[in-house]
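Enquirer: quick one, structure for this:
(2 chains)
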Amino acid sequence: MKDFTRRFMKNKGAVAGLLIFALVVAVAICAPLLYDMSPWMMVAEPLLTPFQDPQYPLGTDMLGRDIGAGMAYGAQVSLIISLVSTAVAVVVGVTIGAIAGYHGGWVDDLLMRITEFFQTIPQLAMAVVLVAIFTPSLYSIVGAIALVSWPPVARLVRSEFLTLRQREFVQAAVVIGLRPSRIIFTQILPNAMSSIIITASLMVATAILTESALSFLGLGDRNMMSWGFMIGAARTMLREAAWMSILPGLAILLTVLAINLIGEGLSDALNPQLRNRGEK
Amino acid sequence: MNPVTDHDSTPLLSIRGLSVRLPGSGERSHAVKDISFDLRRGEILCIVGESGSGKSISANAIMGLLPDYLRPEKGEILFDGNDLLKQSEAQLLSLRGRKIGMIFQEPMSALNPTMRIGQQIAEVMETHQVGNPAERQQRVMELLNLVGLPDPETLQHVYPFRLSGGQRQRVMIAMALALEPDILIADEPTTALDVTTQAQILTLIQKIQRSMGMGVMFITHDFGVVADIADRIIVMEKGLLVEQGSAEQILDAPAHPYTRRLIAAVPHGKAEATHLADNSAPLLEVRNLMKTYVTGGMFSKGRVVHAVNNVSFTVARGETLGIVGESGSGKSSIGKCLLKLQDVDSGEIIFAGQDIVPLSQSAFRSQRHKLQMIFQDPFASLNPRHKVGRILMDGPIANGVAPAEAERRARELLALVEMEASAFDRYPNEFSGGQRQRVGIARALALDPDLLVADESVSALDVSVQAQVLNLLQDIQLRLGVAMVFITHDLRVAAKICHKVAVMHRGQLVEYGPPEQILGNPTQAYTQSLIDAMPGKEWDRRRALTAGAAC
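Expert: The predicted structure follows:
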């Protein structure tokens, strides 16, 4: 663990990513303290440019809502939806991948055909359809994102299991009489964990993008201010008040970038033998 | 440019006081320390040592192939009057392949799988801008002929995956020889090969060396191989050069105790184990075992391989049966079938009076503790994320032993396999291959099995460590009276510890009997060819050991 921290900290990009991500998390948690009013409230003159009024440093939108408040509450929405949907997708993906990879044969065939069925439909299109059918809400959005993002995890876990299954220490576990469930949880899964963690970290970034795209298309939760919704609402005024789109856009960009940097750092720190690839 | 006329006395390559520092603060400060030796024209120089002795580091330093964290600290490598350590990468590039050729240990991964072999050989010449395409083509054919590959005309258009390990190693040799280098460095070129293939490759290297008059630097850990081909020998231990001299000198009268220890560790291929009184009913009886692999998919016609073809044998309590064969002979398939790690097509495996073939995996699980396995690769057979203690306790706990009792037993076993008690709380990566294999043996013994299956359990180990582990196995077997099926490709090893030997060839059991009969009086031509291929069989070791002890 100490080694892991040291290796992770050596990667400057990953540390920068971690700092940005920590800032986003802090803003999300402190949103109710920073802005005690709902971000939907019209609080000032419409279309204040940033830094015009010191009370609303990020300006206001066409209805006079505080963009700063929207950004802070939007961080909450983005993080909750992306983290929960990723968690659900990882649990589903690991379960299906583990069963397919461990048992092989017809079980594997069946599960992989189901996985491929999900992979053949474009992710965003399916998410749009699902949210539209189940009416936009926090739950339906989380569900839709999880449902479109588990197949890559399942395939990854399956391939890890297929190789680890053949390794001698797993065969040794069979020989000493461990049950399949114990072998999966104590022998194989811990050894597949590093690739799962890396994929999961990158899935969080994809989930933020998917959520923003859904909100942009007007399929966000009606009660929650989100970055995607802010861009969608501001797009009609892109030429008059570009900052209204640019600020939440930047928030998405930085958060996704930060998470990708963290993912890269995790990948290097968890697989130290690959760390020096590319260097001479 | 060199005025000396006497070819033989001028060293081709001369290494003076070479030291390579190891990074960090490990047990050893240097990978190699202050080594000096010469390679002369027209000789085969063998560098012998265990893994970690620095023999490969020396070879890689000559080729300029050391990884970045290893830098030669001092010393020089003189070739053609130039110090190779001071040459630029560009100068080294023109030397590699042209003046110094190299063969690697692993023929399976040393060839580019997406290139036809003729192209790969021609590429060596192309890189050094030698000849035109037609001449290169001509030369490729010559080379394929030279290394004894059949039908060069067709073979040059073949991709590496179609070739066997021995054939690939021949292609590697052809590539190394393409530009007629002055020096050929061979880093354990036969370690990954079967004995019969090894014997062929050794003869080939020797023949080519004689005809081209190259200097060959041959790196190996096996004194049997050394005895077959060396003109001069260098012995390395832990980065130091401990002894060097002519082949006769070192093989017949080794002076350094380390050399004597290495020589003593070489299994000599004489039957050794004593006989058991054949009184009890057999513990294991295998009858007409069949296992067939079908490769190929839905749309192509499958290739059928009879991995195990109608094999029958018995093992009595306390007896060791050796199953000997080359790779692909089906010997490992038998081991997997015995442990039900693999399904059986037909036949019976009667273990302690019960046929285990029809049992389901869950029905067999409760019986698994009686049948244990020691695996081949000590680096892959222990879960890297579990401490040794846990690895040893998992089995007994899964079979219903109380954790405290399992721990007590695990500590006892560590002592039995001659490991320190502190090993209990350490991870496998803190141990050497031999130590890990001891942990593997302890894990198998933790369940008090009646039968141990050891699948190539010592083949990944150095000869000296191999001897220790074999002694341990023999000792444990005497003390605990456990029966053993010992699967190996090395007839010398089988002769050392087995009561009976079964020789496998292409899935069939061709010869079966006590080792002195198999080795001394084989009835099958195949067994005879295995015996002929044993490295170092003409070298009388006892002379070396007695002479060594006398001085």
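Enquirer: so the residue of chain B at minimum distance from chain A: helix, strand or coil?
Expert: Residue nearest to chain A within chain B: residue B:395 (3.3 Å; Cβ to the nearest Cβ). (C-beta placed from N, C-alpha, C; glycine too.) When classified by DSSP: H, G, I helix; E, B strand; the rest coil, residue B:395 comes out as helix.
Enquirer: how confident was the prediction at it?
Expert: For residue B:395, the pLDDT comes out at 90.
Enquirer: phi, psi of the closest residue to it other than its chain neighbours?
Expert: In space, and not counting its chain neighbours, residue B:395 is closest to residue A:176: 3.3 Å by Cβ to Cβ, 6 or more residues apart in numbering or on different chains. Dihedral pair for residue A:176: phi -80, psi 0, per degrees, to the nearest 10.
Enquirer: so what's residue A:176 up against?
Expert: B:368-369, B:372, B:394-395, B:398-399, B:443, B:446-447 (Cβ atoms under 8 Å, 6 or more residues apart in numbering or on different chains).
Enquirer: any quick PyMOL command for the buried ones out of these?
Expert: Selection of buried members from the contacts of residue A:176 for PyMOL, criterion 16 or more other Cβ atoms under 10 Å in any protein chain shown:
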select buried, chain B and resi 368+369+372+394+395+398+399+443+446+447
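Enquirer: what's residue B:39 sitting at in phi/psi?
Expert: phi -120, psi 120.
Enquirer: that one and residue B:227, how far apart?
Expert: According to Cβ to Cβ, to the nearest Å, residue B:39 stands 20 Å off from residue B:227.
Enquirer: kindly report the same for residue B:201.
Expert: 16 Å.
Enquirer: equivalent analysis for residue A:134, please.
Expert: 78 Å.
Enquirer: can you tell me the SS state at the closest residue to residue B:261 other than its chain neighbours?
Expert: Distance criterion Cβ to Cβ, 6+ apart; nearest residue to residue B:261, sequence neighbours excluded, is residue B:464 at 6.3 Å. State at residue B:464, reduced to three classes by three-state DSSP: helix.
Enquirer: ok, residue B:464 - contacts?
Expert: Counting by Cβ under 8 Å, 6+ apart, residue B:464 touches B:50, B:261-262, B:265.
Enquirer: can you pick the most crowded of these?
Expert: When neighbours are counted by other Cβ atoms under 10 Å in any protein chain shown, residue B:262 leads the contacts of residue B:464 with 24 neighbours.
Enquirer: what's the helix or strand for that one?
Expert: helix B:257-265 (DSSP states H and E).
Enquirer: interface residues of the stretch 101-250 of chain A facing chain B?
Expert: Taking Cβ under 8 Å from any Cβ of the partner chain, the part of the stretch 101-250 of chain A that reaches chain B is made up of A:167-169, A:171-179, A:182, A:186-187, A:190-191.
Enquirer: ChimeraX command to pick out the buried ones of those residues?
Expert: Those of these that count as buried under 16+ other Cβ under 10 Å are selected in ChimeraX with:
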select /A:167,168,169,171,172,173,174,175,176,177,178,186,187,191
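Enquirer: hmm, back to that, quick check, the residue of chain B closest to chain A in contact with residue B:409.
Expert: No - in this structure residue B:395 lies outside contact range of residue B:409 using Cβ atoms under 8 Å: 10.0 Å.
Enquirer: tell me, what's touching these two both at once?
Expert: Common contacts of residue B:395 and residue B:409 (Cβ under 8 Å, 6+ apart): residue B:446.
Enquirer: where does the stretch 101-250 of chain A dip in pLDDT?
Expert: In the predicted model, the stretch 101-250 of chain A carries no residue with pLDDT under 70.
Enquirer: contacts only, for residue 168.
Expert: Just going to use chain A. B:375-377, B:380-381.
Enquirer: oops, wrong one, chain B.
Expert: Listed by Cβ under 8 Å, 6+ apart, the contact partners of residue B:168 are B:107-108, B:110-111, B:160.
Enquirer: what's across from residue B:509 in the sheet?
Expert: residue B:504 (DSSP bridges).
Enquirer: burial check on it, number of neighbours?
Expert: For residue B:509, the tally of surrounding residues (other Cβ under 10 Å) stands at 23.
Enquirer: so it sits against residue B:324, correct?
Expert: No - using Cβ under 8 Å, residue B:509 makes no contact with residue B:324, being 10.4 Å away.
Enquirer: spit out the residues that contact these two alike.
Expert: Shared contacts of residue B:509 and residue B:324, defined by Cβ under 8 Å, 6+ apart, comprise B:502-503.
Enquirer: contacts only, for the residue nearest the centre of chain B.
Expert: The centre of chain B sits closest to residue B:191, judged by Cα atoms, centre = their mean, with a distance of 4.2 Å. Shown in contact with residue B:191 (Cβ under 8 Å, 6+ apart): B:105, B:220-222.
Enquirer: just put the residues you listed in TSV and tack on neighbour count and pLDDT.
Expert: Converted to TSV, the contacts of residue B:191 look like this (neighbours: other Cβ atoms under 10 Å in any protein chain shown; pLDDT from 0 to 100):
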residue	neighbour count	pLDDT
B:105	19	79
B:220	25	88
B:221	23	84
B:222	24	83
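Enquirer: among the residues you listed, which two are most distant?
Expert: Taking Cβ to Cβ, the two most distant members of these are B:105 and B:222; they sit 12.5 Å apart.
Enquirer: hmm, stretch B:373-381 touching chain A?
Expert: Yes - judged by Cβ under 8 Å from any Cβ, stretch B:373-381 and chain A are in contact via B:373, B:375-377, B:380-381.
Enquirer: now the element after the helix or strand where residue B:392 lies, going C-ward?
Expert: Applying DSSP H and E as the criterion places residue B:392 in helix B:388-398. Once helix B:388-398 ends, the next helix or strand along the chain (criterion: DSSP H and E) is helix B:403-416.
Enquirer: and that following helix, what's its mean pLDDT?
Expert: Mean predicted lDDT for helix B:403-416 stands at 92.
Enquirer: so which bits of that helix are buried?
Expert: B:406-407, B:409-411, B:413-414, B:416.
Enquirer: in contact with residue B:126, which residues are there?
Expert: Residues in contact with residue B:126 (Cβ under 8 Å, 6+ apart) are residue B:136.
Enquirer: in the helix or strand where it lies, what counts as buried?
Expert: In the assignment (DSSP H and E), residue B:126 maps to helix B:117-127. Buried residues in helix B:117-127, counted by 16+ other Cβ under 10 Å: B:117-118, B:120-125.
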